[in-house]
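**Q** For reference, the sequence and a predicted model appear below.
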Amino acid sequence: QVQLVESGGGLVQAGGSLRLSCAVSGRTLSSYVMGWFRQAPGKEREFVGAIRWSVGGTLYGDSVKGRFTISRDNAKNTVYLQMNSLKPEDTAVYFCAATFSLNWSSSRTYPYWGQGTQVTVSS
């Protein structure tokens, strides 16, 4: 089993920055892909980005490319989502998730999820 706990959400003005954290515990992480997704009210869950734990390769959704960065700290078993140049349309609940699948962008392939953290961007 894998347990995921997100933190770092909050209220920020447009143009500002936030860093989300996802603390991971449980099974060995080296084989995992760690993903970030978000869901706004009335919308489907959207792929934000993902990182392959072992080699650090990343993939980002088009809507956040160039503004968001995913990283991981092996010593702390933590994955980060650095969000810069935030826009009101980034407002959502943000989730981290873990999968063995190579289909990084589909939420259906992630069996492990955190509880989510709210990010609100004011205009």
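**A** Yep, that arrived.
**Q** pLDDT below threshold where in the protein?
**A** Across the chain, residues meeting the criterion (pLDDT under 70) sit at 28-29.
**Q** Quick check, central residue of it?
**A** Central residue check for the chain by Cα atoms, centre = their mean: the C-alpha nearest the mean position is that of residue 36, 2.3 Å away.
**Q** correct me, but that residue touches residue 20?
**A** Yes - with contact defined as Cβ atoms under 8 Å, residue 36 reaches residue 20; the gap is 7.4 Å. Bear in mind the C-beta positions are built from the backbone N, C-alpha and C, glycine included.
**Q** ok so, going back, where does the nearest residue to the residue nearest to the centre of the chain once chain neighbours are set aside land in three-state SS?
**A** Among residues not flanking residue 36 along the chain, residue 48 sits closest, at 4.1 Å (Cβ to Cβ, 6 or more residues apart in numbering). State at residue 48, reduced to three classes by DSSP: H, G, I helix; E, B strand; the rest coil: strand.
**Q** Next, find the distance separating residue 112 from residue 89.
**A** To residue 89, residue 112 is 27 Å away according to Cβ to Cβ, to the nearest Å.
**Q** okay, the two: which has more neighbours?
**A** Legend: neighbour count by other Cβ atoms under 10 Å for residue 112 and residue 89, higher for residue 112 (19 against 11).
**Q** got the phi/psi numbers for the more buried one?
**A** Note on residue 112: backbone dihedrals following degrees, to the nearest 10 are phi -120, psi 130.
**Q** and it, what does it touch?
**A** Going by Cβ atoms under 8 Å, 6 or more residues apart in numbering, residue 112 touches 1-4, 97-99.
**Q** among the residues you listed, who's most crowded?
**A** residue 98 (26 neighbours).
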